[in-house]
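1. Based on what follows, work out the 3D shape:
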Amino acid sequence: MKKIFSSMLIFLLMIGMLFENVSQVQAAEITDNDNHIVAAATKTTTQKDSPETGVVGLKALKKQLKKELSSQPGTYQIYVKNLDTNYYLTINDSQMTSGSLMKIFVMLDCYNEVKKGTLSEDSTFNKYMWDMITVSDNPSTNELTKLLGDGSFGTGAAHVNKYCKKNKYSGTKFVAEMGKCDPRNVTTAKDCGWALERMYRNTAVDAAYSKKMITTLKAQTRRNKIPAGVPAGTVVANKTGELPSVENDAAIVYSPGANYILVVMSKNGVNAISEIGNISKIVYDYFNDKVNWSTYKPVVKNKVSELKVGKRKKFKTNAPAGVRVKWSVSNKKLATITDKGVFTAKKIGKVKVTAKFITRVSGKLKTKKRTFKVRIRGKKVIFIDPGHQAKANVSQEPVGPGSSTTKMKVTGGCVGVSTGITEGQFNLTVGLKLRDALEKEGYEVVMSRTTMDVDISNVERAKMANECGADINFRIHADSFSNSSLRGVSILYPSTSNPYPIRNYASDSKKLAQYVLDEYVDATGLPNRGLYVRDDLSGTNWSKMPTVLIECGFFSNPTEDRLLNSNSMQKKMVKGIVSGINKYFGY
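-> Numbering: from 1, shown residues only. Okay, the predicted model is just below:
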């Protein structure tokens, strides 16, 4: 018995070698830069690509196939998957009469039981298996089914159904003996495609049996459907199925442009055999579009050099059918990009975008790259002006553009009655914390100062905001008054009757002030002193954008002084300000 088994196994391997030599695709392991195998069914693959991880795609091909089917009578179901890229399409995904496609699942279940040791792979078993696949012999299929059911066909069919359910072939059901033309035996093109892919990726039962099953499928004698639509010499591992008014075929096609799966099922078609061949040719041509790789120059279209946080941009290329594009970014924390080239800006910074163009030439993967940089800007630019500094500047400057009225360039500010902390230091501490929080939200932040040791007048600060193109100017201060019982927050903004150009931004300034005040009070619990119009503030009047000045609370109140200078309260203050700014911008 062992000699017979050995002889049969050698015969199978010889057949496999014969077909392996037809295509160079089978001869070498081909990997991409992720170091996982994207081709060569004879090699071990990882689980990165699998039926379960397929991506819906191939839109152009689907459009071609639908156009082809639009003039055809009958019902057709199609499943196509590019085994190199993991993209797939389905057309009319539903149960249809399986015919002899059911034999794929009988084969899978049988080899699974052989591996478990419940079936013997003797000469009788091997002959049944060979005949069931290569010449689609129905009696052999029924006998194998009985072996699965301890002599009972019904029990064996139930065993196949149980195997299918466990392995996610949810549309497949085996009921009646082969040869009886029973329409209750059903499957789907997708189920057949998944089964073939697992063989291709060496995960159907195991690697050894996957190879054995593919070797047997390559020895298929019925080549008048999918194999008829591809050039002579193309390696195809397929299984046909037919009944009166039913024509099916399921295949792995090893082509220069891509290794792919094609499954076509039909019912009540006219000249369905030749139509399956036509469909096969369309798919083959799609994956094997003639590209002169030596002269082909990849191009990325509609590139951008800048994009704001939260915005998306879809990049396009001149890649024809037969050339796929793999996208990547240099820093996924700053931006992401999908397989279809949709770029999403996440955080401020600069990223390099790479488009890797991939095709096959004589069975080997070839690549070319195009790279470009994208600067990600904040979704809005916010200028933060922490009021005051280490030393006052008593020199005078105009309170507004063209004004003869002057004020001190920078006053000294107040000092906390309990903490002794200067207003300038408090403003800076809060300003830096606010900057960090806003940047995490995706804003671009410009500070008037980041240290106490500066000499920048209020007019100069406003001009800095203008020059950086800020969307708002947010000024931070603390209050003080001779009455130490006063407490609470207020926000100052310019009026519509302001004599300087800032009046053009008065309405938006008031809107910003109200949002921030409401959120600040809600976050901190500090008393709400309301909004106040001030048209005498030089740091506001010289501004060319919505501008507000927040008086965070009273340094002259002992309790509030300690609160304002506590880390816990400052977190709440910043949270409220950020929330108000977000609401102002509609985020």
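2. So in that sheet, which strands flank the helix or strand encompassing residue 407, and in what orientation?
-> Using DSSP states H and E, residue 407 sits in strand 406-410. Using DSSP bridges, the strands paired with strand 406-410 are strand 393-398 (antiparallel).
3. so who does residue 98 touch?
-> Residues near residue 98 by C-beta atoms under 8 Å, 6 or more residues apart in numbering: 172, 185, 186, 187, 241, 248. Using the backbone N, CA and C atoms, a C-beta is placed for each residue, glycine as well.
4. what's the nearest residue to it if we skip its chain neighbours?
-> Nearest residue to residue 98, sequence neighbours excluded (C-beta to C-beta, 6 or more residues apart in numbering): residue 187, at 4.1 Å.
5. List the beta-bridge partners for the one you found.
-> When assigned by DSSP bridges, residue 187 has beta-bridge partners residue 96.
6. That one reaches residue 103, doesn't it?
-> No - using C-beta atoms under 8 Å, residue 187 makes no contact with residue 103, being 10.5 Å away.
7. circling back to that earlier point, now the element after the strand holding residue 407, going C-ward?
-> Using DSSP H and E, the helix or strand that follows strand 406-410 in sequence is helix 423-440.
8. Who are the packing partners of that next one?
-> Helix 423-440 is packed against strand 381-386, strand 444-447, strand 472-479, helix 567-585, with contacts defined by 3 or more C-beta pairs under 8 Å, 6 or more residues apart in numbering; DSSP states H and E.
9. Kindly calculate the angle that that helix makes with strand 406-410.
-> Angle, helix 423-440 to strand 406-410, by axes from the mean of the first three to the mean of the last three C-alpha atoms, to 10 degrees: 70 degrees.
10. contact partners of helix 423-440?
-> 348, 378, 382, 384-390, 412-416, 445, 447, 449-452, 474, 476-478, 480, 552, 555, 564-565, 570-571, 573-575, 577-578, 581.
11. Would you mind extracting the C-alpha trace of stretch 236-255 into CSV?
-> Extracted as CSV, the C-alpha positions of stretch 236-255 are listed here (Å, rounded to 0.1, in the frame of the first residue of the first chain):
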residue,chain,number,x,y,z
VAL,A,236,-4.3,28.3,-14.6
ALA,A,237,-5.4,26.2,-11.7
ASN,A,238,-9.2,25.8,-12.2
LYS,A,239,-12.3,23.8,-11.4
THR,A,240,-15.4,23.9,-13.7
GLY,A,241,-19.0,23.1,-13.0
GLU,A,242,-22.0,22.6,-15.3
LEU,A,243,-25.5,21.5,-15.3
PRO,A,244,-28.4,22.1,-17.8
SER,A,245,-28.6,25.9,-18.0
VAL,A,246,-25.6,26.3,-15.5
GLU,A,247,-22.0,27.0,-16.5
ASN,A,248,-19.4,27.8,-13.8
ASP,A,249,-15.6,28.0,-13.5
ALA,A,250,-13.3,29.0,-10.7
ALA,A,251,-9.6,29.6,-11.2
ILE,A,252,-6.3,30.9,-10.0
VAL,A,253,-4.5,32.6,-12.9
TYR,A,254,-0.8,33.2,-12.8
SER,A,255,-0.1,36.1,-15.2
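12. List the residues that contact residue 301.
-> Residues in contact with residue 301 (C-beta under 8 Å, 6+ apart) are 315, 316, 317, 318.
13. Let's see the PyMOL selection covering just the buried ones among these.
-> Burial among those is assessed by 16 or more other C-beta atoms under 10 Å; the matching PyMOL selection reads:
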select buried, resi 315+317
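14. Can you tell me which of the contacts of residue 301 is nearest residue 502?
-> Taking C-beta to C-beta as the measure, residue 315 is the one of the contacts of residue 301 closest to residue 502, at 40.9 Å.
15. So that closest one sits against residue 353, correct?
-> Yes - using C-beta under 8 Å, residue 315 makes contact with residue 353 at a distance of 7.3 Å.
16. Report the secondary structure element holding the nearest residue to residue 93 once chain neighbours are set aside.
-> Counting by C-beta to C-beta, 6+ apart, the nearest residue to residue 93 once its immediate chain neighbours are dropped is residue 190, at 5.7 Å. When secondary structure is defined by DSSP H and E, residue 190 falls within helix 189-200.
17. mind checking how far the residue nearest to residue 57 when sequence neighbours are not counted is from residue 396?
-> Nearest residue to residue 57, sequence neighbours excluded (C-beta to C-beta, 6+ apart): residue 87, at 3.5 Å. According to C-beta to C-beta, to the nearest Å, residue 87 and residue 396 sit 70 Å apart.
18. Can you tell me which of the contacts of residue 98 are classed as buried?
-> Buried members of the contacts of residue 98, scored by 16+ other C-beta under 10 Å, are 172, 185, 186, 187, 241, 248.
19. which ones are touching the last one?
-> Taking C-beta under 8 Å, 6+ apart as the criterion, residue 248 is in contact with 96, 98, 99, 100, 101, 240, 241, 242, 263, 264, 265, 266.
20. Go through those and flag which are in strands.
-> The strands, defined by DSSP state E, take in 96, 240, 241, 242, 263, 264, 265, 266 from the contacts of residue 248.
21. Make a PyMOL selection of whichever of those residues turn out to be buried.
-> Here is the PyMOL command that picks out the buried ones among the ones in strands among the contacts of residue 248, judged by 16+ other C-beta under 10 Å:
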select buried, resi 96+240+241+242+263+264+265+266
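22. Mind jotting down where the helices sit in the stretch 51-200 of the chain?
-> 59-69, 102-116, 123-134, 138-148, 153-166, 189-200 (DSSP state H, counting those that start in this stretch).
23. Now tell me which of those helices the model trusts least on average.
-> Out of these, helix 59-69 stands lowest, with a mean of 93 (criterion: mean pLDDT).
24. Can you tell me which of the ones in strands among the contacts of residue 248 lies closest to residue 56?
-> Among those, and counting by C-beta to C-beta, the member closest to residue 56 is residue 263, at 16.0 Å.
25. what separates that closest one from residue 51, distance-wise?
-> With distances taken as C-beta to C-beta, residue 263 is found 12 Å from residue 51.
26. which residues do these two both contact?
-> residue 193.
27. In the chain, which residue is most central in space?
-> Against the mean C-alpha coordinate of the chain, by C-alpha atoms, centre = their mean, the closest residue is residue 338 at 4.2 Å.
28. The residue nearest to that residue when sequence neighbours are not counted: what secondary structure?
-> Of all residues beyond its chain neighbours, the one nearest residue 338 is residue 327 (7.1 Å), with distances taken as C-beta to C-beta, 6+ apart. Following DSSP: H, G, I helix; E, B strand; the rest coil, residue 327 is assigned to strand.
29. give the contact list for residue 115.
-> If you count contacts by C-beta under 8 Å, 6+ apart, then residue 115 has 205, 206, 209 around it.
30. So what's the residue count around the last one?
-> Right, residue 209. For residue 209, the neighbour count with other C-beta atoms under 10 Å is 20.
31. In CSV, list the contacts of residue 248 along with pLDDT and distance to residue 151.
-> Listed next are the contacts of residue 248 as CSV, based on pLDDT from 0 to 100; distance: C-beta to C-beta, whole Å:
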residue, pLDDT, distance to residue 151
96, 96, 30
98, 96, 24
99, 95, 25
100, 96, 23
101, 97, 25
240, 96, 29
241, 93, 26
242, 92, 29
263, 98, 32
264, 98, 35
265, 97, 32
266, 96, 35
